[in-house]
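Q: Sequence and predicted structure are below.
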Amino acid sequence: MLLYIHGFNSSPQSDKGRQTADYIQQHFPHVHLIAPQLPTEPVAAMALLEQLTCDAKARGEPLCYVGSSLGGYFASYLAEKYGGRAVLINPAVKPYELFAEFIGSQHNPYTGETYQVLPQHQAQLQALDTSVIRHPDRFFVLLQSGDEVLDYRQAVSKYHCCSMCLEAGGDHSFIGYASHLSDICQFLALSEYNNAGQRL
């Protein structure tokens, strides 16, 4: 299973989500790609992600994750807890600290949904924190120093012992993401999948 995890106020229909799906379909059609639209409440989002992960594990599928921004934060938790390999794109490191400025009404431009960010969502996010990466071999981190939303230096510090690609400039969307999909799939070892979606 390859689980694509979108970020805050985003969707699998974002540019990165669609580019990932198109690339996998073209080059690795036997890989079981799942790209859910996450619930807005962190605890519900993680419950869905954990269910998908446990289902894949029960089927004997290898676990792979691509997480963008807040999705990278979720992917870190999943990879540390359940194993597998994770590619993080401009990942959030301490989103619970940033959520204070988002409390109140929010609008997702992809889904059209209007919803509320509540104070308790900060605590829900903090409960998922992987403050220390205990399995650095599971992670490949892509960062751009021009990220206008997150301080890339936090990710450099947290994931310093992991495989990392740090590019100067760029922005939070990670400009040129599509050009890295070959390296992403190589790290995730997708070429080792068989027709049943299991690793050889």
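A: Happy to help now that I have it. Being a predicted model, the structure only gives us computed values, none of them experimental.

Q: Mind checking what helix or strand follows the lengthiest helix in the chain in sequence?
A: Looking across the chain with DSSP state H, the single longest helix is helix 42-58. With elements assigned by DSSP states H and E, the helix or strand that comes after helix 42-58 is strand 64-68.

Q: and that following strand, what does it pack onto?
A: Counting contacts by 3 or more C-beta pairs under 8 Å, 6 or more residues apart in numbering; DSSP states H and E, strand 64-68 packs against strand 2-5, helix 70-82, strand 85-89. To be clear about C-beta, it is placed using only N, CA and C from the backbone, and glycine gets the same treatment.

Q: Give the rounded mean pLDDT of the last one.
A: Looking back up the chat, that one is strand 85-89. The pLDDT scores in strand 85-89 average 98.

Q: any idea which helix or strand comes after that strand?
A: Following strand 85-89 in sequence, per DSSP H and E, is helix 95-98.

Q: List the contacts of the next helix or strand after that next one.
A: Counting by DSSP H and E, the element after helix 95-98 in chain order, helix or strand, is strand 104-107. Contact partners of strand 104-107, identified using C-beta atoms under 8 Å, 6 or more residues apart in numbering, comprise Asn9, Thr40, Glu113, Thr114, Tyr115, Gln116, Val117.

Q: State the distance from the last one to Ile89.
A: Applying C-beta to C-beta, to the nearest Å, the value for Val117 to Ile89 is 22 Å.

Q: With the fifth one instead?
A: In this view, Tyr115 and Ile89 are 24 Å apart by C-beta to C-beta.

Q: And these two? Which one has more around it.
A: A direct count of neighbours by other C-beta atoms under 10 Å for Tyr115 and Ile89 places Ile89 higher, at 26 against 14.

Q: Just the terminal-to-terminal distance for stretch 157-166.
A: Using C-alpha to C-alpha, to the nearest Å, the end-to-end distance of stretch 157-166 comes out at 12 Å.

Q: Rounded mean pLDDT for that stretch, please.
A: So the average pLDDT for stretch 157-166 ends up being 98.
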